[in-house]
Structure formats: structure tokens, C-alpha cells
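[1] Sequence and predicted structure, then a few things I'm wondering about:
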Amino acid sequence: MRAGRGRQRAARLSTAALLQCAAIGAGSAILIVGLGPVLLATALASPVLYSLLGSFSVLGPMIAGRWLRRPGVVLVTAFVASLLAVPFTALGLLAIPALCIPAATIEMVLGLSRFWRTGDRLAWFGAAAAGGAAIFAISLVVIDPRVLSAAVIGLTLAGRVLAYLALGAVAILAERALARAGVPRLRPGRRGETDGAG
């Protein structure tokens, strides 16, 4: 019974956590919009190259996951970023599932592990790989069928998974940098409290 109540408390996001998700999501949206023309040209030229470069949009949600260590923050940050980017990207409303489905996959894998309590790296990178597989599945729908082949499919899958793993590592570095910079960090399971540098 106590464990159930503890999980429910951890699942709620405080106002402070939501504000941090919104800030990270807004920064992600600016990058998505700013790099949009380059990524669109890359997507038209090479699905394989795009699988490596286009995955960067999940970096903000991943940083939120590492920094805030609360269920829901990856998905909330992805939703904010995609919603803000919708009017300014070629994807339009498709930006929402393109960001939120991989984020939800990451959340699901992390939720099945002890990551939110322990920060387990194996679980973190497993979730990142799962997110890469999810965005790969989505990308198959939009890739021009004329360029699809076994090689393109295999390389695109590898590109997505490797890109997400690399971004997962970058998120860890960002977490350390924020801590060294003295950015206040919310304490796990305590609403509205911070512990200084984390």
C-alpha cells in the first residue's frame, strides 16, 4: 500500500518540474525550427543520413529525463517542443507523434526499470535504443517507397538506434554540466524542493 502511494506521488509533476520541462521543450523547439530547412534537404537527399541527423530533436526530452528523474518528464518535454514547432516545420501536426511516440517509448522502458530511483545507465541506454527503434518504425511510413531496399531499411534502423544512443550519452554530459554549473535540481519525490547542485 505504501509503495503504491509512493509511486503515485512520484508520478505527479510539480509546478517546478513542469516549468523546467517547458523551458527545455522551448529550447528544443527553437533548434528544431532553426535546423528545419537543413534537415528537410537531408531527408530528401538521403534517408540514412537523415536517420543520424534528424534524431537530434529528442535531445531536449532526454536531458529533461536525466535532469529531473521523474516519470512523465520526457514525454511532457517532447510534447511541448513538438507543439511549439508545429506551425514552423514542414511536418506540421506530424511533428507531435514524431516526437511523442519515441518519448513515450523511452518513458515506458524507463518505467519498467529502476531508473527513476537509481539512474541505472543500462536501463537508460536500453530506453534510448527502444526510442530509436520507435522513430525508425515511424520513418518507414514517410520514406519514399522508390528508395526503400533491404540495405536502406537496415542502415536507417542502425542510424536511428545509434543516434539515440549517442544522444543519450550527450544527455548524461548535459546533466553533469548542469550540476557543475550549480543549477538547482529538484529532489526526487519531493514536490517543489531543490537540493542545490544535485
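    Structure's in. What do you need?

[2] just for this protein, where's the confidence low?
    Along the chain, the parts satisfying pLDDT under 70 run over 1-11, 187-198.

[3] Go through this protein and flag its longest helix.
    Criterion DSSP state H: the longest helix present in the chain is helix 150-180.

[4] other SSEs contacting it?
    helix 47-53, helix 59-68, helix 121-142 (3 or more C-beta pairs under 8 Å, 6 or more residues apart in numbering; DSSP states H and E). Using the backbone N, CA and C atoms, a C-beta is placed for each residue, glycine as well.

[5] Ok, which of those helices comes nearest Ala103?
    Among the helices and strands packed on helix 150-180, the nearest to Ala103 by C-beta to C-beta is helix 59-68 (5.0 Å).

[6] now the angle between helix 150-180 and that closest one, please.
    40 degrees (axes from the mean of the first three to the mean of the last three C-alpha atoms, to 10 degrees).

[7] Now do helix 59-68: distance to the chain's middle.
    Here helix 59-68 is found 7 Å from its chain centre; the criterion is C-alpha atoms, centre = their mean, to the nearest Å.

[8] try stretch 38-47
    The answer for stretch 38-47 is 21 Å, by C-alpha atoms, centre = their mean.

[9] repeat for stretch 84-94
    Stretch 84-94 has its C-alpha centroid displaced from the chain centroid by 17 Å (C-alpha atoms, centre = their mean).

[10] residues in contact with that stretch?
    Residues outside stretch 84-94 that contact it (C-beta atoms under 8 Å, 6 or more residues apart in numbering): Gly25, Ala26, Ala29, Ile32, Val33, Gly36, Leu40, Ala95, Ile96, Ala98, Val142.

[11] hang on, the second one is in a helix, isn't it?
    Okay, so that is Ala26. Yes: assessed with DSSP: H, G, I helix; E, B strand; the rest coil, Ala26 lies in a helix.

[12] dump the residue contacts of it.
    Counting by C-beta under 8 Å, 6+ apart, Ala26 makes contact with Val80, Ala81, Leu84.
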